[in-house]
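A.B. asks: I'll drop the sequence and a predicted model, then ask my questions.
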Amino acid sequence: MQVQSMFFKQTASTKLNDAVLQRVMKKAKVKFVDGRAEGVALIDNWEDIRTYAAAMRDRVIANLDAYLIEFEKNAIRRGSVVHWAETAEEANAIIVKIAQENDVKAVTKSKSMVSEEVALNDALEAVGVSVLETDLGEYILQLAKEPPSHIVAPAVHKSKEQVAQLFVDHHHSPGTPPLTDIAAMTREAREVLRGRFLSADMGISGANFIIAETGTTLTVTNEGNADMVTTIPRIHCVITGIEKVIPTLEDFATLIRLLPRSAIGQTISNYLTLTTGIKAPDEQEGPAQMHIVLVDAGRTKLVGSDMSEMLRCIRCGACMNHCPVYQNVGGHAYGWVYPGPMGSVLTPVYQGIEKGGDLPNAATFCGECQVVCPVKIPLPDLMRKLREQQFDKKLRPFSERFGIAVWSYFVQRPKLYSLAASVGARFAAWLGGRGKLIHKLPGIDGWTDGRDMPAPEGRTFRELYVEKQRIKKANS
Ligand code: SF4
């Protein structure tokens with residue numbers, strides 16, 4: 001998927017005027033935010049689990065090489081082939097080669113954000129392999145030819161009427177009335193997918209975690225499609241980021257208490273699909289070949305850097321669900337695979353700060369993302385560091401850099417700052433006029449283009465504080 005993050009402002013503006021999107025995002029917000037709050041309230045030691053999980057993820061990242069080698073050794077022991085891909089292109093080339101060498105014509109896929117990251121479907125389709133997304137949300141988006149707008153609920157931006165119309169366009173003859181009953185639509189998708197599950201040559205899945213001590217890959221789903229993808233075809237291929245490794249099954253037991261609760265408030269997801277190696281001679285199900293592609297694509301450069309905390313991420317989506325910016329503009333505005341606060345960090349970090357555009361600034365810094373992150377990633381702090389990088393590299397507009405430089409000059413000289421604030425407050429009060437609302441701020445009209453700003457009363461906080469102290473002293 002091509003990075004479009006530099007168009008964030010324009011796309012966000014369009015999304016704010018999209019009535020359907022606004023309606024569905026409002027509904028989603030209630031479901032995600034209230035759902036998480038209820039799920040979390042059921043656990044007494046939520047904060048302790050978060051603290052433990054964050055420390056565990058840090059330990060893994062600090063010893064990433066050792067855990068990955070342990071994982072590789074155990075996966076090979078169970079008959080898997082482990083491939084290492086340094087770049088997105090390498091990951092695609094490996095999987096295309098597996099498909100070509102095994103005469104694969106049809107692939108079924110369960111949801112994988114890493115495969116979106118590397119644009120795997122395009123690479124396979126370019127060599128004549130048909131790819132079918134089997135997660136319902138991803139299937140809808142495949143029909144619509146759109147990228148996901150959320151990492152857990154990829155089609156959250158679509159209304160049921162839009163999905164019904166897509167089903168008519170792709171499953172029925174023209175003129176068939178659309179069916180907006182969700183259960184019926186789900187049944188219809190299942191009927192279409194069923195035959196393809198059974199005839200696929202290769203199944204491709206992502207992995208929420210990979211477990212070093214057993215060589216297991218693990219997928220968390222609500223639809224059970226990952227079970228079909230990983231067990232029915234003769235070849236199973238897993239594509240995942242190297243940071244997904246965790247030491248033990250017991251660590252997974254901890255993380256699974258956090259993941260679905262943070263995502264949508266579920267105490268546990270409907271399906272946990274653990275795959276360890278190929279089908280044994282005495283087993284009835286499982287693939288004859290299992291390939292695991294471990295993708296770096298920019299991850300190792302975060303290890304030991306001031307962005308390394310981002311590698312803790314377990315892709316739950318809570319940060320975007322609670323972000324006032326994401327809640328209003330949806331995921332497509334962010335212009336790459338990962339939306340919301342985590343995307344505002346990952347896109348510039350993986351794709352280059354130059355391509356990050358406005359993303360590190362697409363935050364109010366309310367801090368809610370950090371509060372809800374199950375592995376305590378300091379997202380606002382990481383975005384602030386990216387803002388600093390953009391400032392230092394002169395990637396922000398001149399007016400913004402000039403404004404910050406002027407502010408920085410004054411703020412380092414308290415007396416001058418106090419004087420300037422006093423003059424500024426009086427000027428702004430005068431600008432507000434009798435209505436006490438400022439309709440236009442010269443030089444920074446972006447602030448007042450869509451809103452009026454209440455004018456200050458004319459005196460600064462410092463002045464009011466000094467006066468209050470004086471009165472208090474006089475009365476004592
Ligand atoms: S940054 Fe935290 S809240 Fe956001 S997706 Fe990752 S783990 Fe979840």
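C.D. replies: Thanks, I have it. Numbers count the residues shown, from 1 in each chain.
A.B. asks: And the lowest-mean-pLDDT helix or strand in the chain, what's buried?
C.D. replies: Within the chain, confidence by mean pLDDT, DSSP states H and E is lowest for helix 445-448 among all helices and strands, at a mean of 76. For helix 445-448, burial by neighbour count (16 or more other Cβ atoms under 10 Å) applies to no residue. From N, CA and C alone the C-beta is placed, and that goes for glycine too.
A.B. asks: Just the residues contacting the following helix or strand past it, thanks.
C.D. replies: Sequence order places strand 453-454 as the next helix or strand after helix 445-448, per DSSP states H and E. Strand 453-454 has contacts (Cβ atoms under 8 Å, 6 or more residues apart in numbering) with 432, 436-438, 441, 447.
A.B. asks: Closest one of the residues you listed to Ala153?
C.D. replies: Trp447 (32.6 Å; Cβ to Cβ).
A.B. asks: mind listing the helices for the stretch 251-400 of the chain?
C.D. replies: 318-321, 324-329, 340-351, 368-372, 379-392, 398-411 (DSSP state H, counting those that start in this stretch).
A.B. asks: ok, now the stretch 1-150 of the chain?
C.D. replies: Using DSSP H, counting those that start in this stretch, helices in the stretch 1-150 of the chain cover 8-16, 19-41, 46-62, 64-77, 88-101, 113-118, 120-126, 136-144.
A.B. asks: Show me what counts as buried in the first one.
C.D. replies: Meaning helix 8-16. 8, 11-12, 15.
A.B. asks: List the contacts of it.
C.D. replies: Residues contacting helix 8-16 (Cβ under 8 Å, 6+ apart): 4, 21-22, 325, 328-330, 332-335, 357-359, 362.
A.B. asks: And the closest residue to Lys385 other than its chain neighbours, what's its pLDDT?
C.D. replies: Nearest non-adjacent residue to Lys385, counting by Cβ to Cβ, 6 or more residues apart in numbering: Asp306, 5.8 Å away. Looking at Asp306, its pLDDT reads 96.
A.B. asks: if I look at Asp306, how far off is the ligand?
C.D. replies: 16 Å (Cβ to the nearest ligand atom, to the nearest Å).
A.B. asks: count of neighbours near that residue?
C.D. replies: For Asp306, the count of nearby residues is 13 (other Cβ atoms under 10 Å).
A.B. asks: swap in the one 10 residues further on?
C.D. replies: With neighbours defined by other Cβ under 10 Å, the count for Cys316 comes to 26.
A.B. asks: can you name the two of the contacts of strand 453-454 that are farthest apart?
C.D. replies: Lys436 and Trp447 (16.6 Å).
A.B. asks: just the helices of the stretch 1-150 of the chain: most buried one?
C.D. replies: By mean neighbour count, with neighbours taken as mean count of other Cβ atoms under 10 Å, helix 113-118 ranks first of these at a mean of 23.
A.B. asks: pLDDT score for the residue most central in space within the chain?
C.D. replies: The chain has Tyr338 as the residue nearest its centroid, 4.0 Å off, counting by Cα atoms, centre = their mean. Looking at Tyr338, its pLDDT stands at 97.
A.B. asks: Now do the contacts for it.
C.D. replies: 113, 117, 151, 346-347.
A.B. asks: Met290 and Thr219: what is the separation?
C.D. replies: Distance, Met290 to Thr219, using Cβ to Cβ, to the nearest Å: 13 Å.
A.B. asks: swap in Met310?
C.D. replies: Counting by Cβ to Cβ - Met310 and Thr219 are separated by 22 Å.
A.B. asks: okay, those two: which has more neighbours?
C.D. replies: Thr219 (25 against 21).
A.B. asks: now that one, what's its secondary structure?
C.D. replies: What DSSP: H, G, I helix; E, B strand; the rest coil gives for Thr219 is strand.
A.B. asks: now stretch 330-341, how far from the chain's geometric center?
C.D. replies: 7 Å (Cα atoms, centre = their mean, to the nearest Å).
A.B. asks: Same check on stretch 445-461?
C.D. replies: With Cα atoms, centre = their mean, you get 34 Å for stretch 445-461.
A.B. asks: before we move on, which element is Leu179 in?
C.D. replies: Using DSSP H and E, Leu179 falls outside every helix and strand.
A.B. asks: That one contacts Val163, doesn't it?
C.D. replies: No: applying Cβ atoms under 8 Å as the test, Leu179 and Val163 come out as separate, 9.9 Å apart.
A.B. asks: Mutual contacts of the two, please.
C.D. replies: With Cβ under 8 Å, 6+ apart, Leu179 and Val163 have common neighbours Met185.
A.B. asks: higher neighbour count, those two?
C.D. replies: Neighbours were counted for Leu179 and for Val163 using other Cβ under 10 Å; Val163 has more, 23 against 17.
A.B. asks: Got the confidence number for the nearest residue to that one once chain neighbours are set aside?
C.D. replies: Excluding the flanking residues, the one nearest Val163 by Cβ to Cβ, 6+ apart is Ile140, at 5.5 Å. With respect to pLDDT, Ile140 scores 97.
A.B. asks: that older thread, isn't the residue nearest to Lys385 right up against Leu386?
C.D. replies: No: assessed by Cβ under 8 Å, Asp306 is found out of contact with Leu386, at 10.0 Å.
A.B. asks: Just the buried residues of the contacts of strand 453-454.
C.D. replies: 432, 438.
A.B. asks: Reformat the contacts of strand 453-454 as CSV; add distance to Asn321 and secondary structure.
C.D. replies: Shown next, in CSV, are these (distance: Cβ to Cβ, whole Å; DSSP: H, G, I helix; E, B strand; the rest coil):
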residue, distance to Asn321, secondary structure
Gly432, 37, helix
Lys436, 36, coil
Leu437, 33, strand
Ile438, 34, strand
Leu441, 33, coil
Trp447, 27, helix
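A.B. asks: Return the member of the contacts of strand 453-454 nearest to Arg50.
C.D. replies: Trp447 (36.0 Å).
A.B. asks: which non-adjacent residue is nearest the closest one?
C.D. replies: Nearest to Trp447 is Leu441, by Cβ to Cβ, 6+ apart, at 5.7 Å.
A.B. asks: residues touching that neighbour, list them.
C.D. replies: 431, 447-448, 453.
A.B. asks: picking up where we left off before, which PyMOL command selects the buried ones in the contacts of helix 8-16?
C.D. replies: The following PyMOL line selects those of the contacts of helix 8-16 that are buried, judged by 16+ other Cβ under 10 Å:
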select buried, resi 4+21+325+328+329+330+332+333+334+335+357+358+359+362
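A.B. asks: ok, which pair from the contacts of helix 8-16 is furthest apart?
C.D. replies: Most distant of those, by Cβ to Cβ, are Gln22 and Gly357, 23.0 Å apart.
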